[in-house]
Every structure is written in C-alpha cells, then in structure tokens.
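*Asks:* What follows is a protein structure lacking sequence information:
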Ligand SMILES: NC(=O)C1=CN([C@@H]2O[C@H](COP(=O)(O)OP(=O)(O)OC[C@H]3O[C@@H](n4cnc5c(N)ncnc54)[C@H](O)[C@@H]3O)[C@@H](O)[C@H]2O)C=CC1
Ligand SMILES: N[C@@H](CC=O)C(=O)O
C-alpha cells in the first residue's frame with residue numbers, strides 16, 4: 001500500500017460535504033481501488049461554525065482559503081467554492097503554479113479560464129481534473145477524453161442542467177408554476193449560488209464550452225455560445241408541445257458549422273422517440289456522435305451532493321493511481337481557436353409562440369412576416385385566452401435556414417398586435 005494522497009479541501013457546501021461523506025463511507029473500497037488511502041488533511045470554507053452534519057474536528061481548519069494552495073504536504077487541492085474568478089481562481093492558479101494537483105467542479109471557472117489553467121498544469125506537470133464540472137455524476141469527460149479518444153466527433157449535445165430539467169419535467173407532470181418548482185430545486189441543492197445561471201442557460205453554456213473543447217480539440221470558447229434559458233417557457237407551451245408529440249428540454253448543442261464551431265444552449269422541442277425526451281428530473285444526458293463508434297449516450301444524475309462527490313472522488317482516485325493526462329484530451333498548445341459558425345446558415349425546424357390581441361388581421365400579419373422571410377409553416381394552432389388576456393398562436397415551421405425565422409421575428413418586433421415577446425424553441429433534429 002502506497003503513502004496516502006493528501007487532500008486540501010476548499011468549500012464545504014453541498015458538494016464539499018458530499019465528498020467528505022463519500023470518502024468516509026467507501027474508505028476501504030477507495031483505498032483498494034486507488035492503491036493508497038485518500039485523506040483529507042485540511043479544509044476551508046466561509047463559516048467555521050456552521051453545522052454541516054460531518055465531523056470536521058479531524059481536519060486542520062484554514063481560515064485563509066488561498067493558503068490551502070501551499071498547505072504543507074498536501075498533494076492535491078480540491079476546489080468546491082464556485083465562481084469564475086475570485087478565491088476559486090486564485091486557488092487554482094497558485095496550487096498549479098506550486099505543482100499541486102487540482103480538482104474542481106467549477107464549470108464557470110473552466111469555461112472562462114480553462115485554457116490558462118491547462119497550460120499551468122502542463123508547465124508544472126500537475127494534474128488538473130474536473131469530471132464533476134460537466135453533468136454532475138456522469139463520467140462524460142472521461143468517456144470523451146478516453147473512451148472515445150480515437151473518434152472524430154461530429155456533434156455533441158445534451159441536457160446539461162439538472163435544475164432546468166427538474167423544473168421542466170415537474171411543470172409538465174404536475175402543471176405547476178415555474179417559480180414554485182425553482183424553489184424546490186434550490187432546496188434540493190441542485191441550483192447554483194445564483195440560480196439565474198441555471199434558468200437563463202449560462203450554467204449549461206459553461207458545461208457545453210468545456211465539452212466542445214474536449215470533443216473538437218478547440219480552445220474553450222464560452223463567449224461564442226448562443227444562450228437562451230427557460231424563464232419564458234409557459235406551462236401552455238409544454239402542453240402544446242405535448243399535443244404535437246414533443247417534450248420541452250433545455251438542450252446544449254455543439255457541432256462544426258459554416259466558418260467554425262456552432263455552440264448553442266436553448267429550449268428545444270424534443271421528439272418523443274428521442275432518448276432525451278425521456279430524461280426527467282435532475283438527470284442529465286449527453287449524446288456524442290463519433291465517426292467510428294457511432295452514437296454514444298451518457299446519462300445519469302447531473303446535480304446533487306452524492307453524484308457530484310462521486311465524480312470529484314473519481315478524479316482523486318485517478319490522481320492517486322498516477323493516471324491523468326492532458327486536461328482537455330490533448331496538450332494545451334494543440335487546442336486550436338474554435339472560430340464561430342454562422343448560425344443563419346444552419347437548417348432546422350422551429351416552434352414559435354405568439355400571444356396576440358384577439359382582433360382582425362393578426363394572423364395575416366404573422367403569416368405575411370413568415371412568407372416575406374421565406375419561412376414555410378407546417379402547422380398553426382390558435383388557442384383561446386392566454387394568461388395576459390391575449391390569444392396564443394403556436395406555429396411549427398418546415399425545415400429551413402435559421403436566418404429566415406430570425407428575420408420573420410425581427411419584422412414582427414414591436415408589432416402592436418403582439419402582447420409580450422414571442423417565444424422561439426428549436427426542434428431537435
Ligand atoms: N450543487 C451541485 O449539484 C453541483 C455543483 N457543482 C459546482 O460545485 C461547486 C460547489 O457547489 P455547491 O457545493 O453546490 O456550492 P455551495 O454554495 O453549497 O457551497 C460553497 C462552499 O464554498 C464556501 N465558500 C463560498 N465562498 C467562499 C470564499 N470566498 N472563501 C472560502 N469559502 C467560500 C461556502 O462557505 C461553502 O462551504 C460550484 O462550482 C458548483 O458550480 C458542480 C456540479 C453539481
Ligand atoms: N446547477 C447545476 C448543478 C450541476 O452542475 C445544475 O442544476 O445542473
């Protein structure tokens with residue numbers, strides 16, 4: 001049995017607490033699998049006095065979180081604080097510069113600073129591991145970095161936010177309100193410190209940019225992700241989608257497109273015969289299409305203390321075994337700038353929902369905007385009273401360039417006939 005892997009742990013919230021519990025519960029098994037014990041030696045968080053339901057007295061408490069990077073004899077720093085910059089980034093930089101291994105669940109930091117941190121890790125010959133940063137407990141990073149490493153990936157897409165999926169599937173199953181279900185997701189520990197990151201699609205975009213870098217061998221390009229969230233999806237949209245044979249899911253998609261990489265997070269209509277339509281609750285699922293392996297589907301718990309801790313500790317076991325390679329599946333200098341694809345060239349079908357005033361000529365106005373932009377309508381459904389006194393019109397388009405739908409919506413912007421903003425959802429093809 002080798003010497004223990006000594007861990008300094010920053011952050012004792014949902015995930016940090018889960019890591020301590022997991023290491024306690026599965027201690028013997030983990031030691032046998034890793035070939036050596038994994039021991040937490042020091043911890044740090046904002047509030048020392050808070051009861052976290054775990055015994056912290058056996059670890060050294062460090063008030064100054066940044067100093068964990070140089071804690072005597074620590075081999076690895078685990079960062080479970082969160083935030084793209086601030087103390088998490090300081091800790092990452094200093095730990096890697098000091099040649100310590102670094103494990104994090106922090107997708108925001110990796111989306112913004114992943115390339116720099118990968119360069120630092122390589123320069124110091126240190127491990128930088130972040131399985132928990134994408135899709136919680138699902139070993140999708142390992143799956144793409146290792147299992148699918150021989151393949152050119154044509155497209156990677158999936159459900160990357162547990163909070164949104166929990167909300168959308170509860171709204172569908174129970175007909176409940178958005179705000180009420182969000183509060184439940186927060187209570188279960190799924191939501192980010194700032195839940196707008198979840199519901200506005202930012203968290204899924206962080207994850208998508210990391211996955212895309214690994215899948216396509218490109219530098220993480222979070223700024224190139226087109227982002228839309230679920231805040232404006234109504235129970236009526238979900239019911240309308242169901243009547244058409246779809247479920248509403250927040251889906252992130254990355255694929256090679258005209259002039260570069262296409263990356264988008266947006267609510268989609270997912271056909272009922274697609275596996276993503278059956279992913280419910282806080283479950284995540286990722287599909288990767290490889291040129292030799294074909295379609296891979298990774299599915300499992302995308303958030304919560306246990307699943308996320310499982311991914312963090314898996315990274316620690318890899319480090320204990322001495323099994324770690326390039327963080328983004330190839331050396332940082334091999335990652336090329338992604339470039340940004342022109343989404344207007346992309347072809348697809350769309351769902352459009354308008355709430356309009358119940359007056360003569362409204363339908364004709366919408367139809368004219370579609371016609372002039374070259375959008376072909378597959379079906380149009382008008383429903384009775386919407387919540388704000390208007391009438392709901394739902395349109396499903398035939399396949400066509402996305403630019404045409406954008407032009408039609410632009411033309412209708414500010415129309416006196418519309419009550420509020422239209423909602424666009426792409427249809428997963
Ligand atoms: N909760 C989840 O299901 C998942 C979370 N993550 C990521 O894991 C990380 C941690 O998330 P949670 O455990 O949910 O967060 P949390 O809010 O439950 O815990 C954060 C911890 O960091 C500490 N902290 C905050 N600011 C600090 C500071 N300035 N200095 C020192 N300590 C500080 C807090 O005291 C707390 O112990 C985040 O990056 C999050 O995005 C990733 C996957 C799933
Ligand atoms: N807030 C995130 C947690 C995991 O990354 C989510 O809801 O998926």
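*Replies:* Okay, I see it. What you are looking at is a predicted structure, and each value in this text was computed from that prediction instead of being measured. Ligands and ions are numbered 1, 2, ... in the order given.

*Asks:* Pull up the distance across stretch 254-261, start to finish.
*Replies:* 7 Å (Cα to Cα, to the nearest Å).

*Asks:* Now do the buried residues in it.
*Replies:* Neighbour-count burial for stretch 254-261, counted by 16 or more other Cβ atoms under 10 Å, picks out 254, 255, 256, 257, 260, 261. C-beta: built from backbone N, CA, C; applies to glycine.

*Asks:* In contact with residue 383: list those residues for me.
*Replies:* Residue 383 is in contact with 236, 240, 391, 392, 393, 394, counting by Cβ atoms under 8 Å, 6 or more residues apart in numbering.

*Asks:* For those, could you give me JSON lines that also reports secondary structure?
*Replies:* Listed next are the contacts of residue 383 as JSON lines, based on DSSP: H, G, I helix; E, B strand; the rest coil:
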{"residue": "236", "secondary structure": "helix"}
{"residue": "240", "secondary structure": "helix"}
{"residue": "391", "secondary structure": "strand"}
{"residue": "392", "secondary structure": "strand"}
{"residue": "393", "secondary structure": "strand"}
{"residue": "394", "secondary structure": "strand"}
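
*Asks:* Turn those residues into a markdown table, including pLDDT, neighbour count and distance to residue 209.
*Replies:* Listed next are the contacts of residue 383 as a markdown table, based on pLDDT from 0 to 100; neighbours: other Cβ atoms under 10 Å; distance: Cβ to Cβ, whole Å:
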| residue | pLDDT | neighbour count | distance to residue 209 |
| --- | --- | --- | --- |
| 236 | 89 | 15 | 32 |
| 240 | 93 | 20 | 31 |
| 391 | 92 | 18 | 39 |
| 392 | 93 | 21 | 34 |
| 393 | 95 | 20 | 35 |
| 394 | 96 | 20 | 32 |
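
*Asks:* Between the residues you listed, which sits nearest ligand 2?
*Replies:* Closest approach between these and ligand 2, by Cβ to the nearest ligand atom: residue 236, at 24.2 Å.

*Asks:* My understanding was that that closest one contacts residue 392; is that so?
*Replies:* Yes. Residue 236 is within contact range of residue 392, at 6.0 Å (criterion: Cβ atoms under 8 Å).

*Asks:* quick one: what helix or strand has residue 255 in it?
*Replies:* Using DSSP states H and E, residue 255 sits in strand 246-257.

*Asks:* Also residue 288?
*Replies:* Counting by DSSP H and E, residue 288 is found in strand 283-290.

*Asks:* So what are the sheet partners of that strand and their directions?
*Replies:* Sheet pairing for strand 283-290, assigned by DSSP bridges, gives strand 153-159 (antiparallel), strand 294-301 (antiparallel).

*Asks:* which residues sit against the first one?
*Replies:* Judged by Cβ under 8 Å, 6+ apart, the contacts made with strand 153-159 from elsewhere in the structure are 135, 144, 165, 211-212, 215-216, 249-256, 276, 279, 283-291, 298, 302, 428.

*Asks:* one more time with 6 Å
*Replies:* 165, 211, 215, 249, 253-255, 276, 279, 284-290 (Cβ atoms under 6 Å, 6 or more residues apart in numbering).

*Asks:* what is the orientation angle of it with strand 246-257?
*Replies:* 150 degrees (axes from the mean of the first three to the mean of the last three Cα atoms, to 10 degrees).

*Asks:* Strand 153-159 and ligand 1 in contact?
*Replies:* No. For strand 153-159, no contact with ligand 1 is found by Cβ under 6 Å from any ligand atom; the gap never falls below 13.9 Å.

*Asks:* wait, which of the contacts of residue 383 is closest to ligand 1?
*Replies:* Lowest distance from ligand 1 to these (Cβ to the nearest ligand atom) belongs to residue 236, with 29.7 Å.

*Asks:* List the contacts of that closest one.
*Replies:* Residue 236 neighbours (Cβ under 6 Å, 6+ apart): none.

*Asks:* and the gap between it and residue 343?
*Replies:* 27 Å (Cβ to Cβ, to the nearest Å).

*Asks:* And residue 412, by the same measure?
*Replies:* Residue 412 sits at a distance of 19 Å from residue 343 (criterion: Cβ to Cβ).

*Asks:* Compare these two (neighbour count), which wins?
*Replies:* For residue 412 versus residue 343, neighbours defined as other Cβ atoms under 10 Å are more numerous around residue 412 (21 against 17).
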